[in-house]
Structure formats: structure tokens, C-alpha cells
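> heads up, no residue letters with this:
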């Protein structure tokens, strides 16, 4: 394509609101422009990259027998009311009324629409399993859109839905999806991990998030340094075993700790290590109050607490409730003399402690030499803490490390959550009506594009992986006013096109410096410059990512490019 | 694709609300399903046909140097307020508020968004002309959605926008678009006409609608029986020349015509032909009252009246105003003794009349033997009537015929309507700021799909043109329970796929009758049936559209199909 009549506006400066590299570079290099907060236009080269991601996704979906379809963005509220999500989805769901005052949700996701379709059209086990997908813009009214394409309000997504006759069959579909997702992100040139995730409010069973490793990611992943194991830190079980201290329990006694609030303050004040203290936090778990104990150097994981009680809601008790129940504020709580209405639970690590300090439920007072079982009772010991770097990996292989990740995909065993509420049944081979077993599978297509840029850039711009670049070759004429340069570049442009190579041809009458800077920004993997040696038929070929460059005769170019892309 | 695990639900009966063939057949054959009034899901085979249309559109757009981009569906109201369309677009524009109460339009069209982008990013004549397009779902809240995909509320559209430095340059872009559109609809297998259309409220100059000829179309087209000329009937000039009657003017006299209201009533009552009377209709043209005269067998065309006065508004005068100004109601109006505040204009045909009848502005009274110029004055003669079948074609070639059409495309010279209101300027080669000259170009992608079905179906179902079918071959095993049939069909399926032929394979355990009926409904151009002669390696090949059938040996099939599609 000739650059002169193409809309690729480049900027020298980063946009004021762009905090991260992908946002900065995609705007500066003319891939996207903001239309409103969290809402973007994809300019022509941006659209091209988006199509590359789309096509990879489409190929991998079709390979596993999923069929593409297209559902509308306008979803009748009646369907969302059947599952209760009209209420529970909250203010992220955009809502709109038509001229007859019928309510619609603006497609944030399509479980309701597809379940409604399938319950009407699929009657027999013979038609199952069935997997469909679509690629389209989705809408979510984020409270604080940020990071460009990473957290937007309108974004391109692939969503897929599977309907199976049994959980075993769902497992098979899930496995295939898992592999397809791995292929997609591998082909996109991404360094990613499939991470065990929280099934949250969607009511499902297994779920994995596909996370692109990046320091700008909003999620923290715990992964094994030697195996494939990776989990959202909220989800990683702790398999450490703690050896009980052999110290003889001493006599618990009160000590004044005026103004000492944090575990570190108290430990320093009392002259012991942080792990020799007990951290006590009061939670409200549904209608019950629970005092959760961890070792001073550990953090309580409220998802584990929630699962322990099979609860709908876990939150920190209010300061008011805390003072009323325990008689002291947040910095002085402890497990000794706790009223009956408060249940005391503790992480396994606490069970191994002897002669440690803890709050005394009086302002500015702690106990020292406290020992569980002797000085206070614990209703239940459980795995209650967040995993930490250095902990053994839950799969038994290697040691846990932390990384930040950008969620680009999500595979989810929904089970019967939707099909039950919406009465999606089929007749099994015995002629008996059964509820369909569902799965849902999402890929953030535009977000994947941004994640690729986060992993593939340098100081000068983007460095697209081979598969992802908007064009395969960026052809520059250094000085198109010189007839021999213009002529050779024109000729090379034609022969590259003829050979089926995608070329962006910078035919603009701009200074060479501007052209080189723009070219580096764009990040097309190979640049061919027609310059001073044009009269000899020699041009310069440079790899964007490595900076390697070489001079070649024009007649060698087509083969060179084809081989480079094959390699 | 194996049909057994694909979502293609067929129906024996037409849906109750489906009045036209494309709606009936697309639903019955499992291409689409309604989600809400005017809102549809495209099921897998529907999505495939949609992609075929999309790809043809994309290819033809790229061929003329238009670049694909993607603008969001959420469009900030501020932009629409700049052009005034936030108000003038009316209730077809769907509107939505975000959580911070900012207003957005749900993309019905994107002139505002693209003009905003281009005014920010394009500064120099060197970057012009510039043409971009996108393919995406659009939203219009039709008051009465009907006819399935023909008049929906969410539909797939290609919209393109051009920015030029002059009207001459716009003319060139327009010509290219015109050709591209003709190619698109030709490749889609459509019988269509490019029709001169009304530029309406959009403030532009030239405009053509691409109309697919069909009796279910909502527009009437006047076209030449021998040339390419075609126009919306509102737009077609009348070039008939009328020879003045050589009869000597008689004496005008009043006659009673009690209860005679229509031209036909009066003519019969007075014993003359309808074309020997004058039809008089009072209009309000902006703030002025105009009595428009046509020959009794002609109809006044209010668009022509509007253009004659260069008016913003033309409507029938109210009964009240009519009585106040002329002293009589609608059936008895005439041009004699008209008060000064009413201007009398007449169609050219009236000028040639001698001794004709007309209303006398008294209830139940007409004049006979009235002659223009002698008995009443006309301020101006002009082309004021609708063209009729049998009139000479305005381009001088052939005779006018009428047809109904479905609008599938629209090319439009917008001029400066948007760029002026939104201040989209560029520096010309003299360094002077100039307003950009714009064009906009739409194709209803999903509507095109429906129009194809209107033109390509028979009693049994759809008969897709070669380019458009969801699959190239429909392969059926008549009785898959018979091992040799199943084996041969499986084997044929594999070899067709291997040869790069798109096959839908009906591997279902259904009765042959059901399979044949579904196959006819789907409309895939070639059907291959593996039946009784499977053991001899012989199958039946049938063309869907013609019904021609032949028996072939399996080893001949791949070549046969390839040649058939090449022909």
C-alpha cells in the first residue's frame, strides 16, 4: 500500500493519558485513536493487525469443530432476567431502551442469547456436543477505563459457547479449547501462562485464565519455576508443611505496646521476628463473625476463607463491629478471650507456633509467650493464607515465583448455571429430559493486540512478531525526488506485490529522518531502503527487531523476503 | 463440515410473521433466527454467506484504494451535536447514557466520527484524496421493523467515507465507487440498477441508489427499456413535449357536478376523457400557498415542486386553509379567480390544453371549455409531474418502465455538509485553508444477502448463485446405516475436503426424504447423493437451480466439481 494516501498519523510525543507502552506506541504509531474514554477507532494499520489476530483465532476455533455465527449486540432484557444477571451484572452492563420502551442490554457477553437459541432449536443428544463462536465488539461500562486497549469499554472479543450432554463430554471440549487457546497465543508470539483462576460469581467449576506475562498486568500469578503450574495467587493452595516448634510453652503475659500497630512494629518493639507473632483479623462471613489467624509474615486469603465457609460474601468487619465484639481496634486484636459469637480459625502455620506474641484485645496491649491450644482455642485449622514466592509449587514440582499477567483469554466450565435457569434441556439416548452442560470461552482480541505490543517493543517503537505485523515489508525511498530512487522503489514495490508479499511503501516526500523514525515506530519486521546505491541496483535490508542489516541486489530481494518469512 | 453437530435447524412451516420469501426461507433453512423484533442472530450457515458478501465488498473496496478501519458503535453525542444531527436524526437514532451520564449515539452511521478523526489528523492536500471503509453492525430503531433482514434494527453494513480537495476529485472517487458497487452486486449474482436518487436532507449533490429489482421492494424505479437509465420515480424528469391542441377555444361556462369528486367522476359525468380535465391541488410551500395544476391523468410530484421553489418543506394545504383561500374543498378546486396570495403554477402538459374542465372553487360546480391563458393565468409552467410508464426515457433512449427495487447500496456526494459544520479543513498547495469535500458510500451487507434470496429461490427453497452459497457441495448419504453408503460418503467427503472444496456433509441418521427436503431448502448449488449404487462406486450429482442430474463414478467427482465451479 502506498503510504501517501493512507491514514497513518504518527506522533512524536506520548499522549498525556497513556501510562503504558502499548497505549503510547499504538497511538503514536497511528494504529488507534481515542474516540471517548475507553473507546477507540482502529486506523487502517491497526485494523490489519486486528484481522491477523482474528484470523488466527478463527482458524484455531474451526480446527476444533467450533462453528462461527453472529449474535446481535442488542440483547432483550427478558433473557437476562431469566438468569438474574439483569440485576447481578451491575453497572458494567450498558442498558438501552428502544422507541417502544423495551429494555435491551448492550452485548457484554452472550450466554443468555445463545442458551435461548439452543434451548429452542436443539432437542436431542444426537445434536450434541455443539460449539459455536463469534467475533464482535463487546460493551462493558468500566468505572475507570485505562491502559488504552487493555481496559476499554468497547472492545473486540471472540466468545465461544459449548453445549454437552455430560460433564465428561464438557471436559473433552474444555481440553480442546485449552489446546486451541494455547495455539492462538503461541502463534501470536506471546509469552503466556494458563493460570488456574477463580470461578467467581458465574457459578462454574474449572476455569483457566490465559495470562500474558507483563509487569503492567493487573493480576498476580503464582507459577512454578520448573513445571507448567500457574495459578491466580488467590487460587493457589499452600502445600507447605510446618514443623511444630520444640520449644517448651512458657507463661503468657501482657505487655504494653503503646502505638505499635503493624506486625513489624510490634515485632521490633518486642524484639522478635515478624513470623514469631500472630496476625488476627476479624471478618464478616455472610452473617457470622470470624477471627482469622495467620503467622505474622503471612497474609490471609479471603477467597480461601470464603470457600472454607462455602459463603456468598466475605468482608472485613467494620471498626464498629470489631470494637463491639472484641473491645479493641484493628491493631490490637488477638485470639485470647474471644466471645462465643466469634469463631476463631487459623492457618495451618499457626498450629506450629509456640511462645509467640498476639494482640490482647485492649488498645496498646499485646500478649507474649502465647501458644495455641494452651492459651487460646482454635475451632479449625485450614489453608487460609496467600501463597508466597519461595513456597513449594502445589503440583510438587519446583518453587513458586510471582509474575504479573494480562488476561487475554478465559476458558470456563459453566456447568448448569445458565441451562438450569433457562430450562435448556435435551432428550438423552433413553428419551429422558436432561439439562445441558455448558462451557464458555473468551478471547480479548483487541486486548491481545495490546499485549503483543507490551512484549514486543523497544525504545524506538513496536517490534511485531512475524505473524502479527500489519505488513511484511516496509519499503522506503530515502529521497523520492531523485528519479533513480523513485524508479527503483516503484519497481521493487510492484515486484514484491506481484510475489504476494504485503508491502507498505513509504512514497511520501518527507525527510529520510522522518521516514526512518516512523518506520521504527510502526515495527514492520523488515525494512527495505532504496537510497544512494539505487543507481547500482543495490538496496539496504534491515531487520526491525535485531537491527541486523545487509545490502542486497534488487533481484535477490523477493527470494530473500520469502525465505526470511519461512524461517 | 459434518451436519450432525452443526446448528442448522430447519422448519417445515413458514414463521407467522414472515411475509416475503427471503424472510421465510432464511428462517426455515436455518440461516437466521429472530432475537427480538428486527434483530437477528446469524446461525453458522448464515454467517458463512454473510462472510462471502463481506469478502466481495472488501475486495472491491481495496481494489479502488479504500482502506479498512474500524470505528466504535458508541459515538459521543458531542460530535452529533456539532452537525445538528443529534436532533434531526430523530427517534431512529438509538441513544444510551454511560455510568457517568455521558450521552452516546449507537452507531447508525459514522460521518461525525470519521470527520472528527480526519480533521484532527489530516492537514495537507498531500494526504488527499483519502478513502476509508469499515464493515460492522449498525443500529437504527425502525418504527416498524419487517421483512426479516430487509428492514431490521441491527444489521451489517459497509460504510465508506472519502475526503477530497475539490469537487472534481470527489467526482473521480465517486466514479470509482460507482464501478466498485456495480462489481459487488454483479459478483453477488444480482439483477440490479443504479438509480438516480433524491439527495434528501443530507445536503449533498449527486446520489445514486443501487436497487435490486424485486416485487417486494419498497421503492419504485423508473427505468429505460433500452438504456442504462434508471431513477427513483420522484427524481425522473419528464421530457415529453406536448403539442398544443388546434381546437378553437370556446366559451367557458359553469356546470353542476353534484357529488363528483375525482377526475374520473367528473370526466365521466361531463362525458370527456380524464386527460381533458385539469387537476388542481393546493400546497403549502414553506410560507407560501401554491395551486399546482396537472393534466387530469397526471400526478403532481411534490419533490419537483419543492425544487422549483428551492423550498425546505412542501405539504398539502390543510382543508381549513384551502376553504379559507379558495372557498371550496379538495374536490372542486380550480385556477379561475384565485386570490393574489395563491400562486398558480402548472405542469408543461397543461399549457397545451384547450377547452377542458376544471373545478370552479364552489362545491359541486365545475367549469367546462376552460383554456389556460384565456380563462385563467399561470405564473409559471414547469416539469411538475411524476414520470409514467410509456413516457420517453429522459436520456433520450427508449421508453420508461416501472419496477420495484430493494435498496442495497447508496453512493452520495456529501460535499461540505459535514466538513463545514465540523470545521474539517486542509492546507491546499498554496498554503490556504480549504474545507474538505466529502462523499459517503454504504452497502447493506445483510440486506444484500436477503436480496439475493429474493432473486434466487424456487418453491422448494433457496437457489444460491455459485459465489454466494455457504458451501460448494452438499454431500448426502441416503442411508448411513448401510455400511457401504457410509463408507463411500466418508471417503468422498475426505477427498473433496482434500481438494479444497467446501462441503457440507449430511451424515445424520435421518430419512432420505428429510435430507432431500433440507438440501433443497439450503440451496447449495450442487448435491451429491451416495445411494443405492454405492457398491458400484457410483453417485448421483444434481444441480440445485436447474434440477439437472447425472450419475458419476466417484473418481470423476473432484474434477467434475472443480470444472463446474470454473464454468
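Received it, and whenever you're ready, just let me know what you need. All values reported here derive from a predicted model rather than from experimental measurement.
> Tell me which residue in the stretch 301-450 of chain A sits closest to chain B.
Chain B sits closest to residue A:446 of the stretch 301-450 of chain A, with a gap of 9.3 Å, by CB to the nearest CB. All C-beta atoms are positioned from the backbone trio N, CA, C, and that covers glycine.
> count of neighbours near that residue?
Around residue A:446 there are 27 other residues, counting by other CB atoms under 10 Å in any protein chain shown.
> Return the residues in contact with it.
Listed by CB atoms under 8 Å, 6 or more residues apart in numbering or on different chains, the contact set of residue A:446 reads A:40, A:42, A:50, A:149, A:152, A:155, A:156, A:157.
> Report the buried residues of the helix or strand harbouring it.
For residue A:446, the element it lies in under DSSP states H and E is helix A:445-455. Neighbour-count burial for helix A:445-455, counted by 16 or more other CB atoms under 10 Å in any protein chain shown, picks out A:445, A:446, A:447, A:448, A:449, A:450, A:451, A:452, A:453, A:454, A:455.
> now stretch A:125-144
By neighbour count with 16+ other CB under 10 Å, stretch A:125-144 contains the buried residues A:125, A:127-142.
> Repeat that for stretch A:502-522.
For stretch A:502-522, by 16+ other CB under 10 Å, it's A:503-508, A:510, A:515-522.
> got it, and stretch A:98-118?
By neighbour count on 16+ other CB under 10 Å, the buried set for stretch A:98-118 is A:98, A:104-118.
> So which of those are in helices?
If you go by DSSP state H, the buried residues of stretch A:98-118 have A:111, A:112, A:113, A:114, A:115, A:116, A:117, A:118 in helices.
> possible to save those as CSV with pLDDT?
Putting these into CSV (pLDDT from 0 to 100) gives the following:
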residue, pLDDT
A:111, 98
A:112, 98
A:113, 98
A:114, 98
A:115, 98
A:116, 98
A:117, 98
A:118, 98
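> Among the buried residues of stretch A:502-522, which pair sits farthest apart?
Maximum pairwise distance among these (CB to CB): 19.4 Å, between A:503 and A:517.
> tell me the contacts of residue A:441?
Taking CB under 8 Å, 6+ apart, one finds A:133, A:159, A:160, A:161, A:162, A:177, A:181, A:409, A:410, A:411, A:412 in contact with residue A:441.
> Name the single longest strand found in chain A.
When chain A is parsed with DSSP state E, its longest strand is strand A:400-415.
> Tell me the strands beside that strand, with direction?
If you go by DSSP bridges, strand A:400-415 pairs up with strand A:207-213 (antiparallel), strand A:219-224 (antiparallel), strand A:437-444 (antiparallel).
> can you pull the buried residues of it?
For strand A:400-415, a neighbour-count test (16+ other CB under 10 Å) marks A:400, A:403, A:405-415 as buried.
> Relative to residue B:492, which of those residues is nearest.
residue A:411 (35.2 Å).
> looking at the sheet around the closest one, what are its partners?
Going by DSSP bridges, residue A:411 forms beta bridges with residue A:208, residue A:441.
> now swap in residue A:283 and tell me
Beta-bridge partners recorded for residue A:283 (DSSP bridges): residue A:290, residue A:316.
> That one and chain B, how far apart?
29 Å (CB to the nearest CB, to the nearest Å).
> Identify the residues contacting that residue.
Residue A:283 touches A:289, A:290, A:291, A:292, A:302, A:305, A:314, A:315, A:316, A:317, counting by CB under 8 Å, 6+ apart.
> where does the stretch 301-450 of chain A have low pLDDT?
Across the stretch 301-450 of chain A, nothing is flagged by pLDDT under 70.
> Which residue ranges of it form strands?
A:314-316, A:342-347, A:356-362, A:365-370, A:380-382, A:400-415, A:425-427, A:433-435, A:437-444 (DSSP state E, counting those that start in this stretch).
> May I see those organised as JSON lines, with distance to residue A:62 added?
JSON lines is the format used below for those (distance: least, CB to CB, whole Å):
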{"stretch": "strand A:314-316", "distance to residue A:62": "42"}
{"stretch": "strand A:342-347", "distance to residue A:62": "47"}
{"stretch": "strand A:356-362", "distance to residue A:62": "60"}
{"stretch": "strand A:365-370", "distance to residue A:62": "63"}
{"stretch": "strand A:380-382", "distance to residue A:62": "45"}
{"stretch": "strand A:400-415", "distance to residue A:62": "17"}
{"stretch": "strand A:425-427", "distance to residue A:62": "24"}
{"stretch": "strand A:433-435", "distance to residue A:62": "28"}
{"stretch": "strand A:437-444", "distance to residue A:62": "14"}
